[in-house]
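Colleague: Here is a sequence with its predicted model. Questions after.
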Amino acid sequence: MKIHDLRPNPGAKHRKKRVGRGIAAGQGKTAGRGTKGQNARAGGGVRPYHEGGNLPLVRRLPTKRGFKPPFPKQFHEINLDQLAQRFQAGEEVTPETLVAKGLLRKVRYPIVILGRGDLDIALTVKVHRVSQGARAKIEAAGGQVEIIAWS
């Protein structure tokens with residue numbers, strides 16, 4: 001293949017529509033712009049904010065301003081009382097065992113263990129994040145906490 005053999009894929013290139021070239025062309029006279037008005041003029045048109053004299057939506061709703069992060073950090077939240085109900089003493093809590101015990105459907109986000117409830121059995125917990133209160137309760141019950149990396 002040489003450089004002069006390169007061609008765009010079939011259908012990738014379209015001819016520009018020639019407007020305003022007479023009635024035979026099918027797009028003559030007003031050239032698809034309708035009749036008169038701001039949008040029919042050269043350089044015409046309104047900015048997106050414009051609402052024809054109405055107070056614009058962004059000014060009517062002052063509570064809707066601000067920033068919402070497009071990619072917020074999300075976690076699967078599991079509490080200690082849920083672990084106490086599903087696990088026996090000496091078992092290992094991992095993302096796979098949480099799915100197997102029915103606490104999660106699938107591991108989509110990192111898992112965080114929170115401290116609601118009490119834990120009276122020793123568990124080995126291997127998850128992505130553990131709150132300070134949950135860590136203290138797990139270790140007080142004789143268990144261990146290991147943080148695993150989220151990939």
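Modeller: Noted; the coordinates are in hand. Numbers count the residues shown, from 1 in each chain.
Colleague: Give me the buried stretch members for the top helix by length along the chain, please.
Modeller: Determined from DSSP state H, the single longest helix within the chain is helix 132-140. Buried residues in helix 132-140, counting neighbours by 16 or more other CB atoms under 10 Å, are found at 134-135, 137-138. C-betas here are computed from N, CA, C, even on glycine.
Colleague: Remind me what it packs against, helices and strands.
Modeller: Helix 132-140 is packed against helix 80-86, strand 111-114, strand 144-147, with contacts defined by 3 or more CB pairs under 8 Å, 6 or more residues apart in numbering; DSSP states H and E.
Colleague: can you count the residues close to the residue nearest to H76 when sequence neighbours are not counted?
Modeller: Leaving out its chain neighbours, the residue that sits closest to H76 by CB to CB, 6 or more residues apart in numbering is I111, at 4.7 Å. Look at I111: counted by other CB atoms under 10 Å, it has 23 neighbours.
Colleague: Okay, strands next: where are they in the protein?
Modeller: Secondary structure of the chain (DSSP state E): strands located at 76-79, 92-93, 111-114, 124-127, 129-130, 144-147.
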